[in-house]
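Q: Starting from these lines, generate the structure:
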Amino acid sequence: MAKTPEAKVKDLVKKILKEEGIYYAMPIGTGYGNSGVPDFLCCVQGKFVSIEAKAANNKPTELQLKNMRDIEAAGGLTIVINETSVAVLRGYIKLIKEKKVGNV
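A: All right, here's what the predicted structure looks like:
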């Protein structure tokens with residue numbers, strides 16, 4: 001079975017997070033969990049970081065945006081990644097580790 005474009009982005013994000021030694025969890029948005037939670041919940045040098053993976057020009061839903069605003073209001077960082085921007089994820093991680101970035 002072929003992977004969806006978004007699944008391919010998620011695979012790339014997982015690969016980078018593993019290579020960078022970053023803890024992450026991937027919550028499942030079902031009726032038993034919180035809907036609209038970003039695809040990846042990470043801890044980078046003690047900083048809470050969420051990553052939403054999208055394919056092509058897809059944008060986060062209103063519920064996902066609300067969750068990201070809530071995360072930022074609580075002091076966490078949020079990142080939206082697609083096939084094009086996944087290449088800069090390592091740069092974001094470096095800035096977070098060096099404590100040179102606020103909200104990304």
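
Q: Pro5 - nearest residue in space that isn't next to it in sequence?
A: Once flanking residues are discounted, Pro5 sits nearest to Ala55: 3.5 Å by CB to CB, 6 or more residues apart in numbering. For every residue, glycine as well, the C-beta is placed using N, CA and C.

Q: How about the contacts made by the one you found?
A: Thr4, Pro5, Glu6, Lys8, Val9, Asn82, Glu83 (CB atoms under 8 Å, 6 or more residues apart in numbering).

Q: one more time with 10 Å, if that's ok
A: The contact partners of Ala55, taken as CB atoms under 10 Å, 6 or more residues apart in numbering, are Thr4, Pro5, Glu6, Ala7, Lys8, Val9, Lys10, Asn82, Glu83.

Q: Report the separation between Ala73 and Phe48.
A: To Phe48, Ala73 is 12 Å away according to CB to CB, to the nearest Å.

Q: Same drill for the two, tell me which one is more crowded.
A: Comparing Ala73 with Phe48 by neighbour count (other CB atoms under 10 Å), the higher total belongs to Phe48, at 14 against 8.

Q: Now the host helix or strand of that one - C-alpha only, PDB.
A: When elements are assigned from DSSP states H and E, Phe48 belongs to strand 47-53. C-alpha atoms of strand 47-53 as PDB (Å, rounded to 0.1, in the frame of the first residue of the first chain):
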ATOM      1  CA  LYS A  47      11.400  23.000  25.700                       C
ATOM      2  CA  PHE A  48       7.900  21.700  24.700                       C
ATOM      3  CA  VAL A  49       7.700  21.600  20.900                       C
ATOM      4  CA  SER A  50       4.800  20.500  18.700                       C
ATOM      5  CA  ILE A  51       5.000  19.700  15.000                       C
ATOM      6  CA  GLU A  52       2.100  19.500  12.700                       C
ATOM      7  CA  ALA A  53       2.900  17.600   9.400                       C
END
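
Q: Downstream of that strand, the next helix or strand is which one?
A: helix 62-73.

Q: Next secondary structure after that following helix?
A: Taking DSSP H and E, what comes next after helix 62-73 is strand 77-81.
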